[in-house]
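Novice: Provide a 3D model corresponding to the input given below.
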Amino acid sequence: MAFFNLKKIRIAAVASAVPTEVVRVDSFSDRFGKEYINKFVNSTGVREFRKTKKNQTASDLAFAAAEQILQKKNIDRDSIGALIFVAHSTDYRRPATACVLHKRLGLNKNCASFDIGLACSAVPYGLCTLGSMMECSDVNRALLLVGETPNKITNPLDKSSTLLIGEGGGAFLVEKEEEDNELKGLTGMCKSDGNGYRSIILPAGGFRNPDAPTTVFEWADGNKRSLYDVTMQGDDVFSFTISSVPRTIKEYLSLVKSDINSYDCLAFHQANRFILNLLCKKLKGENNKMPICLDKYGNTSAASIPLLLSDTYGDISDSRIINTLMSGFGVGLSWGVCSAKLNVDDILPVIETDVFFKEGIINSPEDYYAF
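Specialist: Presented below is the predicted three-dimensional model:
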């Protein structure tokens, strides 16, 4: 197993950003029928979600969250020694989006920057990777940025996905401390099952199938998609989530000699309300310790954990320390769990933005040479 015990690492700040456009699920009643919409809302808990503008990307949202941290916490940008961007919604096939974020945030050349291609499991994987890197290097301060814009790869006629997903970005400021600090310490566990790589997949658009047709097909589940749209085998994902995820969390709790109810906050990936309640029941957790924000933002994939924290605690002025258990699970199949103590004052409120990186749009050689 990939188990991490990072004794010098702490999360120094959390921030999140969402687009300004609010899309209500009931606005799809004419398309999918009022009866289906009511059933969907009652099952998933999603009532509305956020949607980016045409040229706004996941990195724009992650950038806004990171800027909020750097400015609110008065962080010296030259002190950032590493930046990791975890997402599937990247700006380009190349270069790494982390390099674009490095430029936009004004970081220096001594800062290592790279991408990790994951989605729903972004936070446990990202924190464990970044923390491990910091513990064995001279990097004392770093940024973990996450985000997704799945509406851009979802067919609007696919009712299994288009009503569920939202868009957002998040940022974690991670620091290494040698001296004693009650916030110090990050443990985590990461797992994967490549046998489920087709469970959530976008078949075309990469290098495996460069000549895929753009035809819109009717799939076995009755939804219409092209090969350039994301497709999900809902039954497989559901079975994986309610079996592998709680089993891994129990395994983790046993390793760290902890109990689910010793945590103040169960910050789980916002898949859907039914799954979350079932997870909490299987783990024998307390529902009042498991906040939910998908009713307002939908399933935001990589961004769901920081967005959940910001939505729950961001507007509270309180130096209270919360013992937080985080778990992300989904595409890959990939999942993980990690825990850390957070100061509520270090969790910043959700910000709304439509700003995008205009310099990054290249439609002609003239655009390429303009900067």
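Novice: okay, CA-based contacts and neighbour counts for the rest of this
Specialist: Fine.
Novice: now for the helix or strand where Cys128 lies, which elements pack on it?
Specialist: Using DSSP states H and E, Cys128 sits in helix 122-135. Packed against helix 122-135 by the contact rule (3 or more CA pairs under 8 Å, 6 or more residues apart in numbering; DSSP states H and E) you find strand 2-6, strand 9-18, strand 82-86, strand 141-148, strand 168-176, strand 186-192, strand 321-330, strand 334-343.
Novice: quick one: buried residues of that helix?
Specialist: Along helix 122-135, these residues count as buried under the neighbour rule (16 or more other CA atoms under 10 Å): 122-132, 134-135.
Novice: I'd like to know which of these is nearest to Lys250.
Specialist: Pro124 (15.6 Å; CA to CA).
Novice: contacting residues around that closest one?
Specialist: Pro124 is in contact with 188-190, 326-328, 335-338, counting by CA atoms under 8 Å, 6 or more residues apart in numbering.
Novice: Also Leu202?
Specialist: Leu202 sits next to 153, 227-231 when contact means CA under 8 Å, 6+ apart.
Novice: And the strands in the stretch 151-300 of the chain?
Specialist: Using DSSP state E, counting those that start in this stretch, the strands of the stretch 151-300 of the chain run over residues 168-176, 186-192, 200-201, 217-218, 224-225, 231-232, 265-268.
Novice: so can I have TSV of these showing mean neighbour count?
Specialist: As requested, those are exported to TSV (neighbours: other CA atoms under 10 Å):
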stretch	mean neighbour count
strand 168-176	28
strand 186-192	21
strand 200-201	18
strand 217-218	12
strand 224-225	19
strand 231-232	20
strand 265-268	24
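Novice: mind checking which helix or strand Glu35 is in?
Specialist: When elements are assigned from DSSP H and E, Glu35 belongs to helix 34-44.
Novice: how far does that helix sit from the chain's center?
Specialist: How far helix 34-44 lies from its chain's middle: 25 Å, per CA atoms, centre = their mean, to the nearest Å.
Novice: what's it in contact with?
Specialist: Residues contacting helix 34-44 (CA under 8 Å, 6+ apart): 25-26, 28-29, 46-47, 164, 272-274.
Novice: in it, what's buried?
Specialist: 37, 40-41, 44.
Novice: now the angle from the longest helix along the chain to strand 334-343?
Specialist: When the chain is scanned for its longest helix (criterion: DSSP state H), the result is helix 234-255. Per axes from the mean of the first three to the mean of the last three CA atoms, to 10 degrees, the angle that helix 234-255 makes with strand 334-343 is 50 degrees.
Novice: got the buried residues for helix 234-255?
Specialist: By neighbour count on 16+ other CA under 10 Å, the buried set for helix 234-255 is 237, 240-241, 245-246, 248-249, 252-253.
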